[in-house]
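J.: Dropping a prediction and its sequence here:
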Amino acid sequence: MKLNQRDIKQKAVEGVRHDGRNLEEYRDIEIETDYINETSNGSAMVSIGDTKVLVGISIDVEEPYPDRPESGTIVTNAELAPMADRDFESGPPREPGVELARVVDRGIRESEAIDLEELCIEPGEKVYTVFIDVHVLNNDGNLIDCSSLAAMAALKSGHLPEYDEEKGSLNRDQKWKDIELTTEPVTATVCKINGEMVFDTTREEQEAQEARLTVSIDQDGQVVAMQKGGTNSFTSDEISQAMNKVKDKTQEFRSLIDKSVE
Amino acid sequence: MADEEIEWFDEEGNRVDGRKADELRETEMEVGVLEEADGSAMVEIGNTRVIASVFGPQDLHPKHLQESDRAVIKMRYNMAPFSVDDRMSPGPNRRAQEIELVAKNALKPALELERFPTAGIDISMEVVESDGGTRVTGITAASLALADAGIPMKGMVSACAAGVVDDTPVLDVNGKEDKKGNADIPIATINRTDDDTESTQDDRVTLLQMDGDLTTEQVDECVELAKKGCEKLYRQQRRTILQKYNVSEGDQE
């Protein structure tokens, strides 16, 4: 059953959606942390409706960048697996995958959720690298929010392995300490359909949407990253409205993460 | 590291993870785990976990890839970066390419591809966690996903590896046994249950690889052992599919 784009647009003006939600309502959100038993250093499977994203954290030891000898590094990567969507193809990440990884990364990086200096083992020589690998398994829209939520849940349930000086390698068999988080940025994305502000759009709704605005907010309510997508525009009024709505949404998300790691 | 002595069996003959020589790891199967794909399955054997999906039969582009008398299979095998202890860089590699080839060949004899001339069937195997046996687990999952997608099949393909540690053949080698043992032989078989026969397996092995150092007798033993493992997996595959479609299995089990 293919929904008519005109229908979706018409309904948006009336404030209703084809699945019975109101315009600001998210689909059911489920978070399962520690989905990967042994090989990762933290993981979370998150679904928003039928959208499903698995994030795994891997920790490695590398040389720091010469200009920041006392800082560890974060690397975020996203894979839009072909199983997730008929239109996803194998091969190196293209624009949507790269944008997804960068938006997820930016919220975490700019909020300084991970204190990079805490990741230093030996200045100028050895630092931890935190890899955040986003694996999209099923695409039914709103990949950015689902991925950012999964990344945060995976980090919060994650841990660092101890670096063994003598062996010169990580002691992977034991959890040494938690990945310390100074704050918890998560995103919520506002989409514009026929001029209306709609949250958590499905794959079909996305085809009818004119633009989207992703806002990443930390637990103090600070805006830490934004990204506008799509070909249409937002007015400055719409932008400030969006930020305020996102603030409430992200607060709810953080309590869901808290529950998932209890 | 190479010289490290490993006690492969304890006094009671149990393996490093507590199993008997001819025992599979705990296995879980589920079909219909993804919504977008036409068919999907998750198979977990011990700490090895693979999600498989099937799209098709569907239009195949570009056109020059089409075959006028049958459907063409496109296979993908991918290990998630976090599926191994030392993070795996994303992207294709020669190992994955080879596995795609042998997995395709393992499944093909069971598929009625001639029913869908010029079409394409996309099969994808995502390894989300690995502890040995990812290709066989992938094939077992892909076969379930094909059945879930409703693709006509002559039988279910089940795959399992056997190996040798400390000169003893063992079924379903785990990561440690695979890396440090003498050998690893993954095989796949085609299985079906006919109403009037007890047997579930014909004698066709559709995947066979081997690396190690074995006598011909040991290889024979491993193949027999792995075939028994395949048969067990087949029964579970069948149960999983029947459960999904709420068909009672009667008094078979």
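T.: Received it, and whenever you're ready, just let me know what you need.
J.: Could I get the pLDDT score of B:Asp196?
T.: Per-residue confidence (pLDDT) for B:Asp196: 57.
J.: ok, now the one 4 residues further on?
T.: Looking at B:Thr200, its pLDDT is 72.
J.: nearest residue to it other than its sequence neighbours?
T.: In this structure, B:Thr200 finds its nearest non-sequential neighbour in B:Asn191, 4.8 Å apart by Cβ to Cβ, 6 or more residues apart in numbering or on different chains. Heads up, the C-betas are built off the backbone N, CA and C, glycines and all.
J.: So that neighbour versus chain A, what's the distance?
T.: 25 Å (Cβ to the nearest Cβ, to the nearest Å).
J.: With B:Asn105 instead?
T.: Taking Cβ to the nearest Cβ, one finds B:Asn105 at 19 Å from chain A.
J.: mind listing what that residue touches?
T.: Contacts for B:Asn105 (Cβ atoms under 8 Å, 6 or more residues apart in numbering or on different chains) come out as B:Thr206, B:Leu207.
J.: Following element in sequence after the strand or helix carrying it, please.
T.: Using DSSP states H and E, B:Asn105 sits in helix B:94-107. Next helix or strand after helix B:94-107 toward the C-terminus (DSSP H and E): strand B:119-129.
J.: Give me the pLDDT for A:Asn171.
T.: At A:Asn171, pLDDT is 89.
J.: Please, which helix or strand holds A:Gly107?
T.: For A:Gly107, the host element (DSSP H and E) is helix A:95-110.
J.: anything in that helix sitting right up against chain B?
T.: No. Counting by Cβ under 8 Å from any Cβ of the partner chain, chain B has no neighbours in helix A:95-110; the shortest distance is 10.0 Å.
J.: Give me the residues contacting that helix.
T.: A:74, A:76-80, A:93, A:113-114, A:132, A:134, A:136, A:143-144, A:147-148, A:151-152, A:155, A:185-187, A:214, A:216, A:224-225, A:227, A:229.
J.: what residues does the stretch 101-250 of chain A put near chain B?
T.: Taking Cβ under 8 Å from any Cβ as the contact definition, the stretch 101-250 of chain A meets chain B at A:Phe131, A:Asp133, A:His135, A:Leu137, A:Asn138, A:Asn139, A:Asp140, A:Arg172.
J.: quick one: which of the residues you listed is nearest to A:Asp220?
T.: Taking Cβ to Cβ as the measure, A:Asp220 lies nearest A:Phe131 of these, at 26.8 Å.
J.: what about the closest residue to A:Tyr26 other than its chain neighbours, distance to chain B?
T.: Leaving aside its chain neighbours, A:Tyr26 sits nearest to A:Asp200 (4.4 Å; criterion: Cβ to Cβ, 6+ apart). In this view, A:Asp200 and chain B are 16 Å apart by Cβ to the nearest Cβ.
J.: Next: A:Tyr26.
T.: 17 Å.
J.: Neighbours of that residue, how many?
T.: Using other Cβ atoms under 10 Å in any protein chain shown, A:Tyr26 is surrounded by 16 other residues.
J.: near chain A, which residues of chain B show up?
T.: For chain B, the contact set with chain A under Cβ under 8 Å from any Cβ comprises B:34-37, B:40, B:47, B:49, B:51-53, B:55, B:58, B:76, B:78, B:80-87, B:90-92, B:122, B:124, B:126, B:128-131.
J.: From these, list the buried ones, please.
T.: For those, a burial check counting by 16 or more other Cβ atoms under 10 Å in any protein chain shown picks out B:34-37, B:40, B:47, B:49, B:51-53, B:55, B:76, B:78, B:80-85, B:87, B:90, B:122, B:124, B:126, B:128-131.
J.: Out of these, which sit inside strands?
T.: B:40, B:49, B:51-53, B:55, B:76, B:78, B:122, B:124, B:126, B:128-129 (DSSP state E).
J.: Redo those residues as JSON lines? Include distance to A:Glu125.
T.: What follows is those, written out as JSON lines (distance: Cβ to Cβ, whole Å):
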{"residue": "B:Ser40", "distance to A:Glu125": "46"}
{"residue": "B:Arg49", "distance to A:Glu125": "36"}
{"residue": "B:Ile51", "distance to A:Glu125": "39"}
{"residue": "B:Ala52", "distance to A:Glu125": "43"}
{"residue": "B:Ser53", "distance to A:Glu125": "44"}
{"residue": "B:Phe55", "distance to A:Glu125": "48"}
{"residue": "B:Arg76", "distance to A:Glu125": "39"}
{"residue": "B:Asn78", "distance to A:Glu125": "34"}
{"residue": "B:Asp122", "distance to A:Glu125": "46"}
{"residue": "B:Ser124", "distance to A:Glu125": "41"}
{"residue": "B:Glu126", "distance to A:Glu125": "36"}
{"residue": "B:Val128", "distance to A:Glu125": "33"}
{"residue": "B:Glu129", "distance to A:Glu125": "32"}
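J.: tell me the contacts of the residue in the stretch 151-253 of chain B positioned nearest to chain A?
T.: Residue nearest to chain A within the stretch 151-253 of chain B: B:Gly175 (9.1 Å; Cβ to the nearest Cβ). Taking Cβ under 8 Å, 6+ apart, we find B:Gly175 in contact with B:Asn47, B:Thr48, B:Ser130, B:Asp131, B:Gly132.
J.: between those, which is nearest B:Ala145?
T.: Of the contacts of B:Gly175, the one sitting nearest to B:Ala145 (Cβ to Cβ) turns out to be B:Thr48, at 16.5 Å.
J.: Who does the closest one form a beta bridge with?
T.: Note on B:Thr48: beta-bridge partners by DSSP bridges are B:Ile45.
J.: and it, how many neighbours?
T.: Other residues close to B:Thr48 by other Cβ under 10 Å number 25.
J.: Contact partners for it?
T.: B:Thr48 makes contact with B:Arg25, B:Val127, B:Glu129, B:Ser130, B:Asp131, B:Gly132, B:Gly133, B:Thr134, B:Thr137, B:Gly175 under the criterion Cβ under 8 Å, 6+ apart.
J.: what's the closest non-adjacent residue to A:Gln10?
T.: Ranked by Cβ to Cβ, 6+ apart and with sequence neighbours excluded, the top spatial neighbour of A:Gln10 is A:Asn194, at 7.5 Å.
J.: what are the ranges of the helices in chain B?
T.: B:94-107, B:134-148, B:175-180, B:216-244 (DSSP state H).
J.: Just put those helices in JSON lines and tack on mean pLDDT and distance to A:Asn244.
T.: Below are the helices of chain B laid out as JSON lines (pLDDT from 0 to 100; distance: least, Cβ to Cβ, whole Å):
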{"stretch": "helix B:94-107", "mean pLDDT": "97", "distance to A:Asn244": "47"}
{"stretch": "helix B:134-148", "mean pLDDT": "98", "distance to A:Asn244": "44"}
{"stretch": "helix B:175-180", "mean pLDDT": "89", "distance to A:Asn244": "50"}
{"stretch": "helix B:216-244", "mean pLDDT": "95", "distance to A:Asn244": "45"}
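J.: With respect to burial, which of those scores highest?
T.: Of all those, helix B:134-148 carries the top mean neighbour count, a mean of 29, counting by mean count of other Cβ atoms under 10 Å in any protein chain shown.
J.: angle of that helix against strand B:119-129?
T.: Relative orientation of helix B:134-148 versus strand B:119-129 (axes from the mean of the first three to the mean of the last three Cα atoms, to 10 degrees): 130 degrees.
J.: Can you give the distance from helix B:134-148 to the centre of its chain?
T.: From the chain centre to the centre of helix B:134-148 is a distance of 6 Å (Cα atoms, centre = their mean, to the nearest Å).
J.: now swap in stretch A:67-77 and tell me
T.: Taking Cα atoms, centre = their mean, one finds the center of stretch A:67-77 at 19 Å from the center of the full chain.
J.: Give the rounded mean pLDDT of that stretch.
T.: 96.
J.: Can you give me the distance of the residue in the stretch 51-200 of chain A that chain B sits nearest to to B:Asn93?
T.: Residue of the stretch 51-200 of chain A nearest chain B, by Cβ to the nearest Cβ: A:Gly56 (2.6 Å). For A:Gly56, the distance to B:Asn93 equals 19 Å [Cβ to Cβ, to the nearest Å].
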